[in-house]
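Enquirer: 3D, please:
(2 chains)
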Amino acid sequence: MQGWFFVLILVLTAGALFYVGRSRAVSAVGGDSTLLHSKPGFHGAFVMICGIVPAVLVFFTWLLFSRYLTNAFVASQLGADFANLATIEQQALMRNMRSFANRTDLSALGAIEVNAVEAYRSFVANTALALQAVVAVLVIVGSWFAVRAISKDLRARQIVEKTVMVVLIAASGVAILTTLGIVLSLIFESIHFFQKVNFLDFLFGTHWSPQSAFEGVGEEATGRNSEVFGAIPVFAGTLLITAIAILVAAPIGLMSAIYLSDYASPKLRATAKPILEVLAGIPTVVYGFFAALTVAPFFRNTGEAVGISVSSESALAAGLVMGIMIIPFVSSLSDDVINAVPQSLRDGSAGLGATKSETIRRVILPAALPGIVSALMLAISRAIGETMIVVMAAGLSANMTVNPLEAVTTVTVQIVTLLVGDQEFDSAKTLAAFALGLVLFCVTLLLNVIALRVIQKYREQYD
Amino acid sequence: MSVDANLAATAAQAPADKAGKLKMSGNGVNVFYGDKQALFDVDLNIYKNQVISLIGPSGCGKSTFLRCLNRMNDTIDVCKVTGKIVLDEQDIYDKNIDVVELRARVGMVFQKPNPFPKSIYENVAYGPRIHGMTRSKDELDDLVTSSLRRAGLWEEVKDRLDQPGTGLSGGQQQRLCIARAIATQPEVLLMDEPCSALDPIATAIIEELIDELRANFTIVIVTHSMQQAARVSQKTAFFHLGKLIEEGPTDQIFTNPINKKTQDYITGRIG
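Expert: Modelled structure (predicted):
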């Protein structure tokens, strides 16, 4: 409630400042706004920026640090009583203090906790008041200077444009910083893992069985302990299932894209394309039980009928269903790319007496290749990162096999199983999830780089 | 309407130029785009080894007529063609006609240069390859070379046949498209404003080229430039609002037009 009130005040203030700046600019030139260097609206925006931005920055900086400052204040109030507690007890005290701050009945608490709650309450009330005052002063001072600066020649437009640019930079910075943060956290946790398990054993080990890691903790750990974290079978499973999925999705998706873009009537295309795209909207968990309950048993029964043993959880079932799931990625994007090939090339080819399929094979597809490759790469990234279908249909056993009829496991599935349930967060078993994630990230990054290279190469050749 | 139709009929009856044999002819050609009629009852004869230019203001139907001659209008769903168009005494809208073969015999060069995103060599070799016109690599090489020579592009590109055709300048690209079209050895060459995207120097080169190509091909050219029509063509046909107003020897059309509208157009009063 208080938050909404704050936003409301902010918007109203911003509007008022804009209005003040605008009318001030107009009156500064005696009502003839054509004399101004910048249009009155820019002056309004200028005043608004000067008033609001510093205040908002201060407010968010406070939000960022208030927790630490509060803790420090409470600790100093409690003095030696607090300092004598163990770290865990100190943390518990701080948690209790916050959860009891809004209650009137403090009888359940001990003396030190009651003191803490009281210190906390008074600190929060005082700082809130101080913060409001500081923000208000900043708004007033900032906008006052801005209004003073308004004159005929003030380059308000340049200032506003520059602010817009800064905002845009900040927005793209958020995405980059988030990526950076995720990568760094992966790297740090992986380093912890590689302190426990040999890096090469992890990367090139051929046996994956993290659950048995518990057997070998302590003195007798040694060789066997690092053996169980051999990641190759897991990555082999991912590769196998992804390969099957792409083998299914690439031809079907590409062919349906060609049909949609060059053969189908516009009316049919307008209906068929959205229907195809619905495939992409089906939750993966639905695909998962479709794979586990329909496709996998079908393969097993068919295999039995012809005398081949098929595991009831097979890479084939998971890969096939995953392939169907990513068809719309391939077909929809490829269709857009194929459509973007100029009609003049089609006409040129037809004018030389080429048939439709010759035109597509020899002119359209080569011209659209960079886009098709990137569509395939997107589909592959989806397939590699896909979890739910594989959890349900491919199984958990880390077999090292290229036989699609056996059960395999993938990187994503292993990450899920490693982290599900009550786990110690510093055991090799849970840390292995981060290492797997890091390697998976590197693999997809590599794929993307290769795809970009391919695209660049053909771009240079074709444009 | 009736006056125009009469005039068109008179124009069609004008004595045929004796220099060439009849190659193509349109009889009562009507074209509809959906409900809208774009061409009305056009009769036009095209003679062998001549250049005939189709002139007229924008939207007069000259490009539409051109595209009827190799059935490029087939690619437009709503387009319907009635009447009769004959190539060497064969109705090209007959059910038994193979459109692919027709387009190999009636080649086309477009308004905007549209080289394929392939090498210069592959651009020219495209037609011969799909029609299986050569028996060996050497034969194909010869055909590509001679086509580029006839299109007047050989000297400029002979050292970089493996580079993309899209990397050439606009004028070179258009000559590449002409080389590509003549490599399939068509009998008739249709050109839809081939110089409209080019600068005067490139235009002059292509006009010279058209004059040379006349020895081997029958050429139909659509143009907005009356000077160009006067320079390159032996016969000229003037279209206005979907009707063929007047056709005849180029000299006569430009110096002594029969129809008032033709006169108004060539003197710049309509258009």
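Enquirer: wait, B:A215 sits on B:N49?
Expert: Yes. The pair B:A215 and B:N49 qualifies as a contact (Cβ atoms under 8 Å) at a distance of 6.8 Å. All C-beta atoms are positioned from the backbone trio N, CA, C, and that covers glycine.
Enquirer: Between these two, point out the one with more neighbours.
Expert: B:N49 (16 against 8; other Cβ atoms under 10 Å in any protein chain shown).
Enquirer: which ones are touching residue 23?
Expert: In the absence of a named chain, this looks at chain A. Residues counted as contacts of A:S23 (Cβ atoms under 8 Å, 6 or more residues apart in numbering or on different chains) are A:P40.
Enquirer: Chain B is the one I meant
Expert: Applying Cβ under 8 Å, 6+ apart to B:K23 gives the contacts B:46-48, B:87-88, B:187-188, B:218.
Enquirer: please redo it, this time with the cut-off set to 7 Å
Expert: Listed by Cβ atoms under 7 Å, 6 or more residues apart in numbering or on different chains, the contact set of B:K23 reads B:46-48, B:188, B:218.
Enquirer: Could you identify the most distant pair in those?
Expert: Greatest spacing in the contacts of B:K23, by Cβ to Cβ: B:Y47 and B:V188 (10.8 Å).
Enquirer: which residue packs closest to the residue in the stretch 151-300 of chain A that chain B sits nearest to, ignoring adjacent ones?
Expert: Proximity of the stretch 151-300 of chain A to chain B (Cβ to the nearest Cβ) peaks at A:S265, 7.1 Å away. Closest residue to A:S265 apart from its sequence neighbours, by Cβ to Cβ, 6 or more residues apart in numbering or on different chains: B:D77 at 7.1 Å.
Enquirer: For the spatially most central residue of chain B, give me the backbone phi and psi.
Expert: Centrality entry for chain B: nearest residue to the mean C-alpha point is B:L190, 2.0 Å, by Cα atoms, centre = their mean. B:L190 adopts backbone torsions of phi -100, psi 130, taken as degrees, to the nearest 10.
Enquirer: ditto for the one 10 residues further on
Expert: Per-residue torsions, B:P200: phi -60, psi -40 (degrees, to the nearest 10).
Enquirer: Quick one: neighbours of it, just the number.
Expert: With other Cβ under 10 Å as criterion, B:P200 counts 8.
Enquirer: who's in contact with it?
Expert: Contacts for B:P200 (Cβ under 7 Å, 6+ apart) come out as none.
Enquirer: what's the spacing between the residue in the stretch 1-150 of chain A positioned nearest to chain B and A:Q158?
Expert: Nearest to chain B, among the residues of the stretch 1-150 of chain A, is A:K39, at 40.3 Å (Cβ to the nearest Cβ). Remark: distance between A:K39 and A:Q158 (Cβ to Cβ, to the nearest Å) = 12 Å.
Enquirer: B:K80 now?
Expert: From B:K80 to A:Q158 the distance is 59 Å (Cβ to Cβ).
Enquirer: What residues does chain B have near chain A?
Expert: Within chain B, the positions near chain A by Cβ under 7 Å from any Cβ of the partner chain are B:70, B:72, B:75, B:100-101, B:103-104, B:107-108, B:110, B:112, B:114, B:116-118, B:126-127, B:130-131, B:164, B:166, B:180-181, B:184.
Enquirer: Filter those down to just the buried residues.
Expert: Listed as buried from the residues of chain B next to chain A are B:70, B:72, B:100, B:103-104, B:107-108, B:110, B:112, B:114, B:116-118, B:126-127, B:130-131, B:164, B:166, B:180-181, B:184; burial here means 16 or more other Cβ atoms under 10 Å in any protein chain shown.
Enquirer: follow-up on the earlier one: apart from its neighbours in sequence, what residue is nearest the residue nearest to the centre of chain B?
Expert: Residue nearest to B:L190 in three dimensions, not counting chain neighbours: B:M108, with 4.5 Å by Cβ to Cβ, 6+ apart.
Enquirer: Can I take it that the one you found is in a strand?
Expert: Yes. Under DSSP: H, G, I helix; E, B strand; the rest coil, B:M108 sits within a strand.
Enquirer: Identify the residues contacting it.
Expert: By Cβ under 7 Å, 6+ apart, B:M108 lies in contact with A:351, B:70, B:72, B:181, B:190.
Enquirer: out of these, which one sits closest to A:A451?
Expert: A:G351 (34.0 Å).
Enquirer: Is that closest one in contact with B:R103, as I believe?
Expert: Yes. Using Cβ atoms under 7 Å, A:G351 is in contact with B:R103, at 6.0 Å.
Enquirer: Identify the contacts common to those two.
Expert: B:N70.
Enquirer: what residue ranges in chain A score low on pLDDT?
Expert: For chain A, the stretches with pLDDT under 70 are A:1-2, A:211-227, A:423-425, A:458-463.
Enquirer: hmm, try it at 50
Expert: Filtered on pLDDT under 50, chain A yields the residue ranges A:1, A:213, A:215-221, A:223-226, A:463.
Enquirer: hmm, back to that, out of the contacts of B:M108, what pair is the most spread apart?
Expert: Distance extremes for those: the farthest pair is B:M72 and B:A181 at 12.9 Å, using Cβ to Cβ.
Enquirer: Give me the pLDDT for the closest residue to A:A354 other than its chain neighbours.
Expert: Once flanking residues are discounted, A:A354 sits nearest to B:I130: 5.1 Å by Cβ to Cβ, 6+ apart. Per-residue pLDDT puts B:I130 at 90.
Enquirer: State the distance from B:I130 to A:K356.
Expert: Distance from B:I130 to A:K356, counting by Cβ to Cβ: 12 Å.
Enquirer: Same check on A:I187?
Expert: For A:I187, the distance to A:K356 - Cβ to Cβ - is 52 Å.
Enquirer: More neighbours: which of those two?
Expert: Taking neighbours as other Cβ under 10 Å, A:I187 and A:K356 compare with A:K356 leading, 16 against 13.
Enquirer: rewinding a little: the contacts of B:M108 in helices, which ones?
Expert: Among the contacts of B:M108, DSSP state H puts A:351, B:181 in helices.
Enquirer: Redo the contacts of B:M108 as TSV? Include distance to A:L452.
Expert: As requested, the contacts of B:M108 are exported to TSV (distance: Cβ to Cβ, whole Å):
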residue	distance to A:L452
A:G351	35
B:N70	41
B:M72	38
B:A181	37
B:L190	42
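Enquirer: circling back to that earlier point, for B:S58, state which of the contacts of B:K23 is nearest.
Expert: Using Cβ to Cβ, the contacts of B:K23 come closest to B:S58 at B:I46, 22.6 Å.
Enquirer: what kind of secondary structure is the closest one in?
Expert: strand.
Enquirer: neighbouring contacts of the strand or helix carrying A:N96?
Expert: Per DSSP states H and E: A:N96 is located in helix A:87-100. Helix A:87-100 has contacts (Cβ under 7 Å, 6+ apart) with A:71, A:74, A:82, A:85, A:106, A:109, A:113, A:116-117, A:120.
Enquirer: Flag every buried residue along that helix.
Expert: A:90, A:93-94, A:96-98, A:100.
Enquirer: How many residues are close by A:P274?
Expert: Neighbours of A:P274 using other Cβ under 10 Å come to 10.
Enquirer: export the helix or strand harbouring it as PDB, just CAs?
Expert: Element membership of A:P274 [criterion: DSSP H and E] is helix A:266-281. Extracted in PDB, the C-alpha atoms of helix A:266-281 (Å, rounded to 0.1, in the frame of the first residue of the first chain):
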ATOM      1  CA  PRO A 266      -2.200 -17.200 -48.900                       C
ATOM      2  CA  LYS A 267      -5.400 -18.300 -47.200                       C
ATOM      3  CA  LEU A 268      -4.100 -21.700 -46.300                       C
ATOM      4  CA  ARG A 269      -0.900 -20.200 -45.000                       C
ATOM      5  CA  ALA A 270      -2.800 -17.700 -42.800                       C
ATOM      6  CA  THR A 271      -4.500 -20.700 -41.200                       C
ATOM      7  CA  ALA A 272      -1.900 -23.300 -41.100                       C
ATOM      8  CA  LYS A 273       1.000 -21.300 -39.700                       C
ATOM      9  CA  PRO A 274      -0.700 -20.300 -36.500                       C
ATOM     10  CA  ILE A 275      -1.900 -23.900 -36.000                       C
ATOM     11  CA  LEU A 276       1.700 -25.100 -36.400                       C
ATOM     12  CA  GLU A 277       2.800 -22.500 -34.000                       C
ATOM     13  CA  VAL A 278       0.400 -23.800 -31.400                       C
ATOM     14  CA  LEU A 279       2.800 -26.800 -31.100                       C
ATOM     15  CA  ALA A 280       5.300 -24.300 -29.600                       C
ATOM     16  CA  GLY A 281       2.700 -23.300 -27.000                       C
END
